[in-house]
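Q: Turn this into a structure:
(one chain, ligands or ions: 2)
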Amino acid sequence: MSTFSGEQITQVNNPDPFAPPIWRSPVFHTPGWIIALVQLWRLLAAIIGFILRHPLLDLAAGVVAVTWLNLGWPGLVLLAVVVPGTLALWWRWRPGSFARFIARSVLGKWRRWHYRRHWAAVMTIGRLAPLYRGRVLLPELGKVSSTPYTDRVQVRMVSGQSAADFASRAPNLAHGFGAMLCRVRTGRPGALVLELVRRDAFAAIIPALPVPQHVNLRALHVGRREDGSPWLARLHGTHLLIAGATGAGKGSLLWSLVRAMLPAMREGLVRVLAADPKLMELAFGRGLFERYGAYACDPLAIVVMLEDAVRGMQARAALLAGKQRDHAPTAEHPFTVVLVDEVAFLTAYLPDKAVRERVKAALATLTTQGRAVGYCVVAALQDPRKEVMSIRNLFPDKIAMRLDEPEQVDMVLGDGARDRGASADLISSDPATGAGVAFIRLETDPDPVRVRAAWVCDDDIRAMTAKHAAGAQPGLRPVEAGAAA
Ligand SMILES: Nc1ncnc2c1ncn2[C@@H]1O[C@H](COP(=O)(O)OP(=O)(O)OP(=O)(O)O)[C@@H](O)[C@H]1O
Ligand SMILES: [Mg+2]
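A: Ligands and ions are numbered 1, 2, ... in the order given. Sure, this is the predicted structure:
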């Protein structure tokens with residue numbers, strides 16, 4: 001007999017009396033009708049679950065059915081014309097709201113389908129699906145929201161997992177899901193968000209942005225964020241330190257800031273004091289600074305300019321003391337931006353120790369006392385080490401452009417920034433793809449964000465200087481920035 005059933009004795013019949021006994025598991029035959037019933041029940045449950053989980057699809061199917069029942073084929077043709085037509089009109093006239101309510105949601109659903117298809121395989125092979133009591137436990141795939149460049153995938157972890165487990169497998173996840181890069185963002189307890197970058201938003205150089213009509217000193221448009229949204233840098237009420245190796249594009253960021261403030265400079269609401277010890281960066285727009293502020297390149301002239309700024313700041317503080325706690329730029333008390341390129345040269349490398357100390361003292365005074373009276377220091381440097389820039393902690397906002405070593409990232413953006421995805425040391429040194437790219441930390445989010453500054457080329461600077469330093473033209477009316485924001 002070749003098969004055994006439950007009713008039979010499960011020992012294999014062997015005519016050899018000395019053979020060791022061999023035992024086999026009994027086989028029970030489930031009747032076919034029970035199998036059919038269970039499968040039918042499973043199918044029914046799946047269909048009901050699908051209907052409950054897709055209310056919009058139900059609605060669409062309902063509308064199609066009602067139209068078909070009432071109007072027949074002509075109704076369906078009408079529907080096929082009216083619905084896409086309305087969507088096309090919406091897209092044409094209100095692309096913003098169309099993207100928010102329709103395009104992103106459709107893209108998110110489509111992308112979620114992609115992730116669901118690969119989920120089990122990637123999690124298992126990536127060793128993020130642990131075995132517990134003989135069962136494979138898969139992390140749960142949640143909502144997916146997509147932009148043209150990135151997908152944010154919500155994940156519910158299996159009990160006992162941590163975000164660090166996912167962070168260490170980030171390259172596996174990126175390859176598994178066909179993304180360029182995967183970053184792990186922590187969310188609620190037990191949950192996290194995988195940020196998968198599908199397409200490099202910064203593959204192409206961003207040309208200089210148009211000079212704005214309206215200046216908001218808390219949100220100067222200087223470039224683009226990785227998700228395609230504008231990068232808005234804040235100067236009012238803070239100080240900004242820009243760190244980046246040589247050729248990282250610090251100059252383009254300094255110029256983007258100046259460009260974004262031009263209308264307010266022309267109105268006399270913003271003054272820019274430019275210190276350019278290297279004579280290479282800001283000299284291009286010297287006319288602009290001399291007209292709407294000051295320019296200095298010689299170390300001694302820079303010290304005098306900075307000390308003048310300190311005196312101006314202290315005089316303003318004495319004047320405004322007790323009258324207002326926050327500064328709103330006016331023609332009488334303009335917002336003053338102290339722009340220092342290669343600050344490390346002035347604070348560390350300059351042979352004359354006395355001048356070095358005076359620069360340090362002036363910068364430390366401006367950064368500690370300037371915020372509330374409308375003075376802001378923007379300093380750029382190549383090497384963020386403490387020996388080089390002892391006052392770096394006096395800058396509340398910092399930007400990390402391409403850096404030479406991984407340790408420098410945390411020095412600029414704060415502890416743990418690199419672990420949270422700010423790989424500024426990996427930014428390409430090819431100017432076409434890496435110059436101007438940076439990591440920033442937003443006030444609202446502990447996770448660093450990748451950005452790219454627009455490139456203000458020499459011709460743009462020449463045009464700006466020729467146009468704006470030549471003579472103020474009426475017509476541009478910048479709304480007061482700090483107060484308006
Ligand atoms: N935002 C940008 N987009 C594209 N290319 C850029 C950008 N910024 C700079 N570049 C390119 O990179 C080159 C170096 O930029 P930049 O002079 O601004 O660097 P840097 O950080 O100031 O370097 P250094 O410290 O040596 O002065 C530029 O000549 C330009 O070709
Ligand atoms: Mg430079």
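
Q: Would you quantify the distance from R111 to N14?
A: R111 is 60 Å from N14, where distance means C-beta to C-beta, to the nearest Å. Placement of C-beta: from N, CA and C, glycine included.

Q: more crowded one of those two?
A: Using other C-beta atoms under 10 Å as the criterion, R111 and N14 rank with R111 on top: 19 against 11.

Q: ok, now which ones touch that one?
A: The contact partners of R111, by C-beta atoms under 8 Å, 6 or more residues apart in numbering, come to V144, S146, D151.

Q: ok, and the closest non-adjacent residue to P406?
A: Nearest residue to P406, sequence neighbours excluded (C-beta to C-beta, 6 or more residues apart in numbering): D425, at 4.7 Å.

Q: and what of L71?
A: The shortest distance from L71 to any non-neighbouring residue, by C-beta to C-beta, 6+ apart, is to L78 (7.3 Å).

Q: Pull out the buried positions in the strand or helix carrying that neighbour.
A: Mapping L78 onto the secondary structure by DSSP states H and E places it in helix 55-93. Neighbour counts using 16 or more other C-beta atoms under 10 Å place T67, L79 of helix 55-93 among the buried residues.

Q: tell me which strands and helices it is in contact with?
A: Here helix 55-93 touches helix 95-98, going by 3 or more C-beta pairs under 8 Å, 6 or more residues apart in numbering; DSSP states H and E.

Q: Tell me the buried residues in the helix or strand following the helix it packs on?
A: Sequence-wise, the next helix or strand downstream of helix 95-98 (DSSP H and E) is helix 104-125. Within helix 104-125, the residues that count as buried by 16+ other C-beta under 10 Å are L107, G108, R111, R112, Y115, W119, V122, M123.

Q: any idea whether the closest residue to the fourth one other than its chain neighbours is helix, strand or coil?
A: In space, R112 comes closest to V144 once its chain neighbours are excluded; the distance is 4.0 Å by C-beta to C-beta, 6+ apart. Classification of V144 by DSSP: H, G, I helix; E, B strand; the rest coil places it in strand.

Q: residues contacting V144?
A: V144 neighbours (C-beta under 8 Å, 6+ apart): G108, K109, R111, R112, Y115, D151, R152, V153, Q154.

Q: Mind doing that once more with 7 Å?
A: V144 makes contact with G108, R111, R112, Y115, D151, V153, according to C-beta atoms under 7 Å, 6 or more residues apart in numbering.

Q: Tell me the span between the first and last residue of stretch 19-31.
A: 35 Å (C-alpha to C-alpha, to the nearest Å).

Q: what about it, average pLDDT?
A: The average pLDDT within stretch 19-31 is 76.

Q: got it, and stretch 43-51?
A: For stretch 43-51, mean pLDDT is 96.

Q: Remind me which helix or strand D415 belongs to.
A: Using DSSP H and E, no helix or strand contains D415.

Q: Next one: it from ligand 2, what distance?
A: Per C-beta to the ion, to the nearest Å, D415 is found 27 Å from ligand 2.

Q: Let me know whether stretch 288-300 sits next to ligand 1.
A: No: Stretch 288-300 stays clear of ligand 1 (C-beta under 6 Å from any ligand atom), getting no nearer than 13.9 Å.

Q: in that stretch, what counts as buried?
A: Quick answer for stretch 288-300 (16+ other C-beta under 10 Å): L288, F289, R291, Y292, G293, A294, Y295, A296, C297, P299.

Q: re the thing from before, using JSON lines, lay out the contacts of V144 together with pLDDT and distance to ligand 1.
A: Converted to JSON lines, these look like this (pLDDT from 0 to 100; distance: C-beta to the nearest ligand atom, whole Å):
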{"residue": "G108", "pLDDT": "88", "distance to ligand 1": "30"}
{"residue": "R111", "pLDDT": "92", "distance to ligand 1": "29"}
{"residue": "R112", "pLDDT": "93", "distance to ligand 1": "34"}
{"residue": "Y115", "pLDDT": "95", "distance to ligand 1": "33"}
{"residue": "D151", "pLDDT": "91", "distance to ligand 1": "26"}
{"residue": "V153", "pLDDT": "95", "distance to ligand 1": "30"}
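
Q: Quickly name whichever of those is closest to ligand 2.
A: The nearest member of the contacts of V144 to ligand 2, counting by C-beta to the ion, is D151 at 35.3 Å.

Q: Quick check: neighbours of the helix or strand hosting the closest one in the sheet, parallel or antiparallel?
A: For D151, the host element (DSSP H and E) is strand 150-156. Strand 150-156 has its sheet partners listed here by DSSP bridges as strand 140-146 (antiparallel), strand 191-197 (antiparallel).
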